[in-house]
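Peer 1: predicted model and sequence follow; I will ask about them next.
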Amino acid sequence: MRNWIDKVASKMRRIAVPGLMKYIVISMGAVFVLDLLFAGMLSSLLAFSRAGIMAGQVWRVISFVFIPINSSPLFIVFALYFYWMIGGALENEWGVARFNLFYLTGIVGTIVAGLITGFATNHYLNLSLFFAFAILFPNVELRLFFILPVKVKWLAYVNAAYFAWQLIVSTWPMRAALLVSVANIALFFWPDFYNRIKNARRRREWRNHFR
């Protein structure tokens, strides 16, 4: 699996966009400001709509990616900064092409699920970035709301609990969008999970051998 991902990422290097998350965050911020000025009209025009797409509004296939979360201006600033920081860290760790591939794979999966169920959102897609960040940097300490120091791994557990709750209470179209984001994490991190499980088993067998 890792070899396949590396091969595709290497072919994307020429077209990969450096600082991809920066442009997405700036677009989200612009949409949020315009929504404040025009009572949410822009987000309604950008939202995913299978019926709208079939009627010729083809931009809705991808434009939902630029819709910000519905929240207060203060929380939006925090959320967008968070996305920007995480995207930059993943890009620095993986390289531009691999990060582009990760985000693009999540987008494509979300679009496919949306065309099947009629619903698509970037909410779970962006939360999957945090899962990726937490897997790579579990002990990094973040300042929650720029004040409270918390290790990333604890926030990841909260995020996982939120995902589990959403699987229980959400509609099937929302569950599909959520499961696509989880599948994207599994696709990119399964080799790491497998190696961790295998190494843990070896350590356990080694300890049992010398008891």
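Peer 2: Sure thing, it's come through. Numbers count the residues shown, from 1 in each chain.
Peer 1: in stretch 163-183, what counts as buried?
Peer 2: Across stretch 163-183, burial judged by 16 or more other CB atoms under 10 Å covers 163, 166, 173, 174, 175, 176, 177, 178, 180, 181, 182. In this view, the C-beta of every residue, glycine as well, is placed from N, C-alpha and C.
Peer 1: determine how far the last residue of it lies from the first.
Peer 2: 13 Å (CA to CA, to the nearest Å).
Peer 1: equivalent analysis for stretch 36-52, please.
Peer 2: Start-to-end, stretch 36-52 (CA to CA) is 24 Å.
Peer 1: outside of it, which residues touch it?
Peer 2: 31, 34-35, 57, 59-61, 63-64, 66-68, 73, 111, 114-115, 118-121 (CB atoms under 8 Å, 6 or more residues apart in numbering).
Peer 1: hang on, the earlier thing: may I see the buried residues of stretch 163-183 organised as CSV, with secondary structure added?
Peer 2: CSV is the format used below for the buried residues of stretch 163-183 (DSSP: H, G, I helix; E, B strand; the rest coil):
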residue, secondary structure
163, helix
166, helix
173, helix
174, helix
175, helix
176, helix
177, helix
178, helix
180, helix
181, helix
182, helix
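Peer 1: filter the contacts of stretch 36-52 down to the buried ones and hand me the PyMOL line.
Peer 2: Selection of buried members from the contacts of stretch 36-52 for PyMOL, criterion 16+ other CB under 10 Å:
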select buried, resi 31+35+60+61+63+64+66+67+68+111+114+119+120+121
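Peer 1: residue 83: which of the buried residues of stretch 163-183 is nearest?
Peer 2: Residue 83 lies nearest to residue 181 out of the buried residues of stretch 163-183, by CB to CB, at 14.1 Å.
Peer 1: let me see the contact set for that closest one.
Peer 2: Residues near residue 181 by CB under 8 Å, 6+ apart: 106, 109, 110, 124, 125, 127, 128.
Peer 1: mind doing that once more with 6 Å?
Peer 2: When contacts are counted by CB atoms under 6 Å, 6 or more residues apart in numbering, residue 181 touches 124, 125, 128.
Peer 1: give me the distance between it and residue 163.
Peer 2: To residue 163, residue 181 is 8 Å away according to CB to CB, to the nearest Å.
Peer 1: next one: residue 135
Peer 2: Residue 135 sits 14 Å away from residue 163, going by CB to CB.
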